[in-house]
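>>> Pasting a predicted model and its sequence here:
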Amino acid sequence: MIENPPHYTMSTSDSDDTDRLEQYIRDEKGHLDSCDSMVNLANWLYANEYFETNDQVVPTSDLKEILGSRLEYGVDTLLDHLEEINVVSEVSQGGGQFILHERTGRAFFDPDNEEMLPLLEEEISRFLKDLREQQSRALESEDTGDDETQSVADGGKLEGAGPDEPDETEADDEEDADDVPTKFRAVASAALDAEQPLEDALTNPTDHIEQIVRFDDVVTAITESDEVSRRCPYEPMGWRNAANKWVLTTTAKARKENESLSGY
């Protein structure tokens, strides 16, 4: 993710007629309604110095997040058009897949990288801590509920109940936050579909790649569930597809800076 990118105001009036890059885009793609957006995207890449010459690249996902609401047409479509006329160039890394430690943003293209193992152990440890603490809260909630039930059975009233209110709790009130820890384990366990306890399923595999895949499945299931939520910071850690990254071509940069193209 790009932090605090340099600001560039999206405007079709940023370049006058002497801007050779804009003129080139309009000559090649001016018949398309998306041409203004192409110019704006190219200008943004230039203003933020995403050039082939300095090895600074921007992923498609970041372009969509930063510029998606400021462009009238889809980023993918604009990039395709600009690539056709050699204004932008696509850069791929790492042979297509890598293992991402999402909480720190570290990527590992070598699955046997020894620096990755402590990060995996840390993430699993954070998850197991959350599991234990949520289960502990569940037991405490059950104990509290038992005490209140016994008090009512002895002739008392639930705290807050008025003289005209029923003493018993209604069935709908039973599905509350106190049930979350139990559901938490259930959601996590269902993601693995394993007969062994959840803790063993995550820690027993001797193959760290299998551990990573299992952990990724568990955390993804939790984060996508509407019934449970994390109480500790940990993120999925597994295989990801390498993002396509983009730069302004050297030729486009030369046009923008009104340099000679004889050397390109």
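Great, that's in hand.

>>> Start from the N-terminal end of the stretch 1-150 of the chain and give the strands.
58-59, 88-91, 97-101, 106-108 (DSSP state E, counting those that start in this stretch).

>>> For the protein, give me the ranges with low pLDDT.
By pLDDT under 70, the low-scoring segments of the chain are 1-18, 92-96, 142-181, 262-264.

>>> S189 is nearest to which of the strands of the stretch 1-150 of the chain?
Closest to S189 of the strands of the stretch 1-150 of the chain, according to Cβ to Cβ: strand 97-101, at 23.8 Å. In this view, the C-beta of every residue, glycine as well, is placed from N, C-alpha and C.

>>> which other residues reach that closest one?
Contact with strand 97-101 is made by 106-109, 111, 116, 119-120, 123, 212, 235, 237-242, as judged by Cβ atoms under 8 Å, 6 or more residues apart in numbering.

>>> May I have the strands that pair with that strand, each with its orientation?
strand 106-108 (antiparallel), strand 237-241 (antiparallel) (DSSP bridges).

>>> Return the last one as CSV; C-alpha atoms alone will do.
As requested, C-alpha coordinates have been extracted for strand 237-241 and formatted as CSV (Å, rounded to 0.1, in the frame of the first residue of the first chain):
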residue,chain,number,x,y,z
MET,A,237,-0.8,-15.4,5.8
GLY,A,238,-0.8,-17.4,2.6
TRP,A,239,-0.3,-17.6,-1.1
ARG,A,240,-1.1,-14.5,-3.1
ASN,A,241,-0.9,-13.6,-6.8
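
>>> what sits up against that strand?
With contact meaning Cβ under 8 Å, 6+ apart, strand 237-241 is reached by 96-102, 107, 119-120, 123, 212-213, 215-217, 219.

>>> do the first one as well
Identification of contacts with strand 106-108 by Cβ under 8 Å, 6+ apart yields G94, F98, I99, L100, H101, E115, M116, L119, R240.

>>> tell me, how many neighbours does the fifth one end up with?
With neighbours defined by other Cβ atoms under 10 Å, the count for H101 comes to 20.

>>> Strands of the stretch 151-264 of the chain, start to end?
Using DSSP E, counting those that start in this stretch, strands in the stretch 151-264 of the chain cover 237-241, 245-248.

>>> ok, now which ones touch the closest residue to T250 other than its chain neighbours?
Setting aside the residues directly before and after it, T250 is nearest to E52 in space (Cβ to Cβ, 6 or more residues apart in numbering), at 5.0 Å. Taking Cβ under 8 Å, 6+ apart, we find E52 in contact with S89, V247, L248, T249, T250, K253.

>>> repeat that with 7 Å
S89, V247, T249, T250 (Cβ atoms under 7 Å, 6 or more residues apart in numbering).

>>> Out of the residues you listed, flag the one nearest to T206.
T206 has its nearest neighbour among the contacts of E52 in V247, at 42.2 Å by Cβ to Cβ.

>>> and stretch 106-123, how far out from the chain's middle?
The chain centre lies 18 Å from the centre of stretch 106-123; the measure is Cα atoms, centre = their mean, to the nearest Å.

>>> so how far does that stretch reach from one end to the other?
Using Cα to Cα, to the nearest Å, the end-to-end distance of stretch 106-123 comes to 13 Å.

>>> Check which residues of that stretch are buried.
The neighbour-count check on stretch 106-123 (16 or more other Cβ atoms under 10 Å) flags A107, F108, M116, L119, L120, E123 as buried.

>>> how close does the fourth one sit to R214?
Distance, L119 to R214, by Cβ to Cβ, to the nearest Å: 15 Å.

>>> what do you get for the last one?
Applying Cβ to Cβ, one obtains 12 Å for the distance of E123 from R214.

>>> Excluding chain neighbours, give the residue nearest to T182 in space.
In space, and not counting its chain neighbours, T182 is closest to A138: 5.5 Å by Cβ to Cβ, 6+ apart.
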